[in-house]
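Enquirer: Sequence first, predicted model second:
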Amino acid sequence: MENLANENEAFVEFLKRKNIDPAALETGEPEIYLKWRSLYALVHEKSFEMQQKFLINPIRRKYPKTNQV
C-alpha cells in the first residue's frame, strides 16, 4: 500500500516537472491520468517520457501547472 502511494507521488511530481497540473488532468481526463499513472508505475521514467512524448505537449497546454505559493 505504501509503495502504491510512493508511485503515485512520483507520478504527480513527474507531471509537475513537465508543467502539467495533476489535479486538473485527473479531473478533466481521468482516463488519460489513470492510463499514464499505470504505465508510469511499470516502466522507467525516461521510457515513459519517450513513449508519451507526442502526447505530453498537448496535455501540458491543456492543463498547465499554476504557480501557487
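Expert: Thanks, I have it.
Enquirer: residue boundaries of the helices in the chain?
Expert: All helices of the chain, identified by DSSP state H, fall at 2-17, 22-28, 30-42, 45-51, 53-62.
Enquirer: By mean pLDDT, show me the worst of the ones you listed.
Expert: Least confidently modelled of those is helix 2-17, at a mean of 85 by mean pLDDT.
Enquirer: Which secondary structure elements does it sit against?
Expert: Judged by 3 or more Cβ pairs under 8 Å, 6 or more residues apart in numbering; DSSP states H and E, the packing partners of helix 2-17 are helix 22-28, helix 30-42. Glycine gets a C-beta too; all of them are placed from N, C-alpha and C.
Enquirer: what angle do it and helix 30-42 make?
Expert: Here the directions of helix 2-17 and helix 30-42 differ by 110 degrees (axes from the mean of the first three to the mean of the last three Cα atoms, to 10 degrees).
Enquirer: Mind listing what's buried along helix 2-17?
Expert: Of the residues in helix 2-17, F11, V12, F14, L15 count as buried by neighbour count, 16 or more other Cβ atoms under 10 Å.
Enquirer: okay, these in CSV with distance to P64 next?
Expert: Listed next are these as CSV, based on distance: Cβ to Cβ, whole Å:
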residue, distance to P64
F11, 18
V12, 15
F14, 15
L15, 11
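Enquirer: center of the chain, which residue is that?
Expert: Closest to where the C-alpha atoms of the chain average out (Cα atoms, centre = their mean) is L15, at 4.0 Å.
Enquirer: Please look at that residue and A24 and confirm they touch.
Expert: No. Counting by Cβ atoms under 8 Å, L15 stays clear of A24, with 9.8 Å between them.
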